[in-house]
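Undergrad: below is the structure, and that's it, no one-letter string:
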């Protein structure tokens, strides 16, 4: 047998994959897709939120800060929950939380209640991507893991497109309450699909029961992971490369383009859409390059960070050209 055929051989215990796997995994991806819509919906509603709750820029930024702090703080607990409770239960909890959070944000009469709703949304959002990755590993052969993860991330970015293309326009046409209550119905739809059709794993591929090793074991695992240089490098690369786009898409993009640059909401929404599309396209290109040339990871990351910093410097220190550079910097 030729060496080229070796990578296609199944590993012992590999899940079968196939159409049923794609269907079940697709339900999980749909949950992640809706979670990203809810996560990024505030990014196109910053001006509306400031008017609705009568808050200044600092109070407005607290929405995203709190949501992301809850999201980040839940990562390790969610990992433990997936091991102990299974993917379906964790996704169910996540969908309920982020749907209630989105609905609460739509109906909140005060700033404090709106903050609580965004925190709830961030908690539910934190349960989605880890669960979808686990679902893919349970239903597809191990060799397809990287592709499955990349496709799931792309669908998540597509959820961001829904925010920039539709929610921004719906806010202008239908108002705050109708738009956010209407969007929360998407959570109800994926919850029904999840409860009816999603399974943790195919028949005959039950994972071994998770050991309840205790807090000391978890701390040792975290410490061991942090001692690995690749873990720290990955964290800082993710932190620095993601920051500009998240800054734009989660909160400040729409106010910056409308209030500071004098653009219409329609034009600003189009530019935010460009940020999402550029992330999707460039991410695919980067993925292919790095898959073929592993040593290119650090140069690509550092080059991207340096270029982004240069463009942001132009946007901040040269206002005359900022309308042309701000969106490129975010992308």
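TA: Structure's in. What do you need? Please read all numbers here as calculations on a predicted model, not as lab measurements.
Undergrad: contacting residues for the most centrally placed residue in the chain?
TA: Closest to where the C-alpha atoms of the chain average out (Cα atoms, centre = their mean) is residue 36, at 5.3 Å. By Cβ atoms under 8 Å, 6 or more residues apart in numbering, the residues touching residue 36 are 156-160. For every residue, glycine as well, the C-beta is placed using N, CA and C.
Undergrad: neighbours of residue 274, just the number please.
TA: 15 (other Cβ atoms under 10 Å).
Undergrad: please tell me how far it sits from residue 249.
TA: Remark: distance between residue 274 and residue 249 (Cβ to Cβ, to the nearest Å) = 11 Å.
Undergrad: just residue 174 next, same as before
TA: Using Cβ to Cβ, residue 174 is found at 22 Å from residue 249.
Undergrad: cool, residue 284 as well?
TA: Per Cβ to Cβ, residue 284 is found 18 Å from residue 249.
Undergrad: where does the prediction get shaky in this protein?
TA: For the chain, the stretches with pLDDT under 70 are 1-13, 204-214, 318-331.
Undergrad: tally up the residues packed near residue 77, please.
TA: Neighbour number of residue 77 under other Cβ under 10 Å is 13.
Undergrad: same question for the one 4 residues further on.
TA: A total of 19 residues lie near residue 81 under the criterion other Cβ under 10 Å.
Undergrad: residue 284 and residue 249: which has the busier surroundings?
TA: Neighbours were counted for residue 284 and for residue 249 using other Cβ under 10 Å; residue 249 has more, 25 against 12.
Undergrad: that one and residue 40 touch, don't they?
TA: Yes. Using Cβ atoms under 8 Å, residue 249 is in contact with residue 40, at 5.6 Å.
Undergrad: so what's in contact with these two at the same time?
TA: Contacts common to residue 249 and residue 40, judged by Cβ under 8 Å, 6+ apart, are 160, 163-164.
Undergrad: just the ones of those residues in helices?
TA: residue 160 (DSSP state H).
Undergrad: what segments of the stretch 51-200 of the chain are helices?
TA: 57-73, 75-85, 87-107, 111-126, 129-139, 145-162, 168-174, 176-197 (DSSP state H, counting those that start in this stretch).
Undergrad: give me phi/psi at residue 198?
TA: When read as degrees, to the nearest 10, the backbone of residue 198 gives phi -80, psi 140.
Undergrad: same check on residue 274?
TA: phi -60, psi -40.
Undergrad: check residue 15 too.
TA: phi -60, psi 160.
Undergrad: wait, it touches residue 203, no?
TA: No. Here residue 15 does not reach residue 203: they are 10.4 Å apart, not a contact under Cβ under 8 Å.
Undergrad: and those two? Which one has more around it.
TA: Legend: neighbour count by other Cβ under 10 Å for residue 15 and residue 203, higher for residue 15 (20 against 7).
Undergrad: and the closest residue to residue 151 other than its chain neighbours, which of the three is it?
TA: Of all residues not flanking residue 151 in the chain, residue 29 sits nearest, at 7.6 Å (Cβ to Cβ, 6 or more residues apart in numbering). Classification of residue 29 using DSSP: H, G, I helix; E, B strand; the rest coil returns helix.
Undergrad: now do the contacts for residue 29.
TA: Taking Cβ under 8 Å, 6+ apart, one finds 132, 151-152, 155 in contact with residue 29.
Undergrad: would you mind measuring from the nearest residue to residue 92 once chain neighbours are set aside to residue 182?
TA: Excluding the flanking residues, the one nearest residue 92 by Cβ to Cβ, 6+ apart is residue 194, at 6.1 Å. The gap separating residue 194 from residue 182 is 20 Å, by Cβ to Cβ.
Undergrad: settle it for me: which of these two has more neighbours?
TA: Legend: neighbour count by other Cβ under 10 Å for residue 194 and residue 182, higher for residue 194 (20 against 13).
Undergrad: rewinding a little: filter the contacts of residue 29 down to the buried ones.
TA: 132, 152 (16 or more other Cβ atoms under 10 Å).
Undergrad: ok, of the contacts of residue 29, which one's closest to residue 74?
TA: Nearest to residue 74 out of the contacts of residue 29 is residue 132 (Cβ to Cβ; 15.1 Å).
Undergrad: these two touch, right, that closest one and residue 151?
TA: No. Residue 132 lies out of contact with residue 151 (Cβ under 8 Å); the separation is 10.1 Å.
Undergrad: list the buried residues in stretch 235-246.
TA: 237, 241, 244-246.
Undergrad: so can I have TSV of the residues you listed showing secondary structure and distance to residue 260?
TA: Formatted as TSV, the buried residues of stretch 235-246 follow (DSSP: H, G, I helix; E, B strand; the rest coil; distance: Cβ to Cβ, whole Å):
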residue	secondary structure	distance to residue 260
237	helix	29
241	helix	24
244	helix	16
245	helix	18
246	helix	19
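Undergrad: and stretch 191-208, which residues are buried?
TA: 191, 193-194, 198, 200-202.
Undergrad: ok, the residues you listed vs residue 77, which is closest?
TA: residue 200 (18.8 Å).
Undergrad: so who does the closest one touch?
TA: 86-88, 135, 138.
Undergrad: would you mind measuring from it to residue 279?
TA: Applying Cβ to Cβ to residue 200 and residue 279 gives a distance of 31 Å.
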